[in-house]
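Engineer: Take a look and give me a structure for this.
(one chain, ligands or ions: 2)
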Amino acid sequence: MATTAPKTSDGLAIEDSWGDFVAGRYREGKSEAEFRVYDAAAQPGVAEFYRLNHQFQTLEFVLAKEKEYFALQKGKKSIWEAAEYLNTLVDDSDPDTDLTQIEHLMQTSEAIRADGHPRWMILTGFVHDLGKVLCLYGEPQWAVVGDTFPVGCAYSEKIVFPEYFAANPDSAKPELQTKYGIYESNCGLHNLHLSWGHDAYMGHVARNYLPEEALYMLRYHSFYAWHQQGAYEHLMSEYDKQMFPWVKKFNPYDLYSKGAAKPNVKELKPYYDDLIAEFFPAQIDW
Ligand SMILES: [Fe+2]
Ligand SMILES: [Fe+2]
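Structural biologist: Ligands and ions are numbered 1, 2, ... in the order given. A predicted model of the protein is given here:
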């Protein structure tokens, strides 16, 4: 299992070791005792990634990134063009995987398809990580991948490496460290500002084109403290509770197995062209 240090440039090395890390924590059928220990010594790359992530993801930072990227000023692209653009991101430091980004997306969507799920969910699998183009816009990895969590209220102890929040300037602002912080009881996840990353960005890009269930999967698939650990229930609305099972349903497909067969992108492309055209216009704003 590779644990490479987080790259400072464009690569996604941390995403692969993070994928292993998360899979180790949450893989179905594992007993509590078998969960990987969150040990900085055993997982130095992952620990360093979260040290940066927890230090720099402040409320102010998240609000600024939402303002910047929710304006969708990065140009028009088709879904396939975005996938090909993401594919230019080559991870040359992880000897464990030789999958391209498109192959990873198709591995997820093909697993969903093989289980007979609806077409919108297959498409959701294919697009779920396209928000990682944030790396190509120059965002550091700690602002693109990794577990997400709400900012503007108390940090849950269920977030990985909670000790690293001590270095976050928001920790010194008592008004941001109460149970509800800037939020209200059961205000609904949509009103929360989650730490910035590819989930929120892609959820916003797709907001007019995919069903709500899909948008929940996109927006919250990295919000592990919530969907696997039951944290932040006091901020959930009734609607969130109805949507929750869909986020759970998506999770096992996100914890892809690296051993699975490589999808044949060329052969599968016509199927995905049709599927994309069923839900998305030729080009959308990014
Ligand atoms: Fe993701
Ligand atoms: Fe993924």
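Engineer: top helix in this structure by residue count?
Structural biologist: helix 238-254 (DSSP state H).
Engineer: Which SSE is immediately downstream of that helix?
Structural biologist: On the C-terminal side of helix 238-254, the closest following helix or strand by DSSP states H and E is helix 265-279.
Engineer: Mind listing what's buried along that next one?
Structural biologist: 268, 272, 275, 276, 279 (16 or more other CB atoms under 10 Å). For the C-beta atoms, the positions are set from N, CA and C on the backbone; glycine is no exception.
Engineer: can you pull the buried residues of the longest helix of the chain?
Structural biologist: 240, 243, 244, 246, 247, 250, 251, 252, 253, 254.
Engineer: a markdown table for the buried residues of helix 265-279, including distance to residue 161 and pLDDT?
Structural biologist: Putting the buried residues of helix 265-279 into a markdown table (distance: CB to CB, whole Å; pLDDT from 0 to 100) gives the following:
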| residue | distance to residue 161 | pLDDT |
| --- | --- | --- |
| 268 | 38 | 98 |
| 272 | 37 | 98 |
| 275 | 38 | 98 |
| 276 | 37 | 98 |
| 279 | 37 | 98 |
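Engineer: Could I get the pLDDT score of the spatially closest residue to residue 149 that is not a sequence neighbour?
Structural biologist: Among residues not flanking residue 149 along the chain, residue 159 sits closest, at 4.9 Å (CB to CB, 6 or more residues apart in numbering). Per-residue confidence (pLDDT) for residue 159: 96.
Engineer: how much space is there between residue 159 and ligand 2?
Structural biologist: 19 Å (CB to the ion, to the nearest Å).
Engineer: do the same with residue 278
Structural biologist: 22 Å.
Engineer: Got phi/psi on residue 285?
Structural biologist: For residue 285, the backbone dihedrals (degrees, to the nearest 10) come out as phi -80, psi 140.
Engineer: show me the contacts for it.
Structural biologist: Neighbouring residues of residue 285 by CB atoms under 8 Å, 6 or more residues apart in numbering: 72, 74, 75, 76, 205.
Engineer: Please repeat the previous calculation with a cut-off of 10 Å.
Structural biologist: When contacts are counted by CB atoms under 10 Å, 6 or more residues apart in numbering, residue 285 touches 71, 72, 73, 74, 75, 76, 77, 204, 205, 208.
Engineer: That's all I had, so thanks and see you.
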